[in-house]
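Trainee: Sequence unavailable; structure follows:
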């Protein structure tokens, strides 16, 4: 991967060219935020698209599994694992109502139980429970990225 670090006071950024993962260290240096970055020219991301495994591919083969793998590797030092894209997310809130398409930040803990269960089921296939951190540390983020 590629490592970028400006000064000892700046966060560390690491880019994995295959999966496009960015890691940011907290100011104290003891916690890490991971970002799986994917630009798309298509419509909003769905939980189904994020949790679908590629047939015949070694685990983890889903987008959510590849993203979560960093949490497994770095364990309790993982503060969050985010999926960052230029398009929104077609997910529903805990009451079953759609989140706005332009919502900038959606915690997995705030989405509809059935969608959270789909995430957990997908992760179970690659990382059997008990898992730390749990799905609650997953965030879906929208940002202005160019495709």
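Mentor: Received, thanks. Quick caveat: nothing in here was measured; it's all calculated off a predicted structure.
Trainee: what about the helices in the protein?
Mentor: Residue ranges of the helices in the chain, as given by DSSP state H, are 47-51, 63-74, 113-126.
Trainee: With respect to burial, which of those helices scores highest?
Mentor: Stretch with highest mean neighbour count among these: helix 63-74 (a mean of 20; mean count of other CB atoms under 10 Å). Glycine gets a C-beta too; all of them are placed from N, C-alpha and C.
Trainee: Check which helices and strands that one sits against.
Mentor: Helices and strands touching helix 63-74, by 3 or more CB pairs under 8 Å, 6 or more residues apart in numbering; DSSP states H and E, are strand 21-25, strand 32-38, helix 47-51, strand 78-85, helix 113-126, strand 138-142.
Trainee: Identify the residues contacting the third one?
Mentor: Going back to what we said before, that points to helix 47-51. Residues outside helix 47-51 that contact it (CB atoms under 8 Å, 6 or more residues apart in numbering): 62-64, 83, 91, 111, 115, 118-119, 121-122.
Trainee: ditto for the fourth one
Mentor: By CB under 8 Å, 6+ apart, the surrounding residues in contact with strand 78-85 are 22, 26, 31-40, 45, 50, 63-64, 67-68, 70-71, 133, 137-143, 145.
Trainee: Kindly report the same for the second one.
Mentor: Here strand 32-38 makes contact (CB under 8 Å, 6+ apart) with 19-26, 63, 66-67, 70-71, 74, 77-85, 141, 145.
Trainee: can we see that at 7 Å?
Mentor: The list of residues contacting strand 32-38 from outside it, by CB atoms under 7 Å, 6 or more residues apart in numbering, reads 19-25, 63, 66-67, 70, 74, 77-85.
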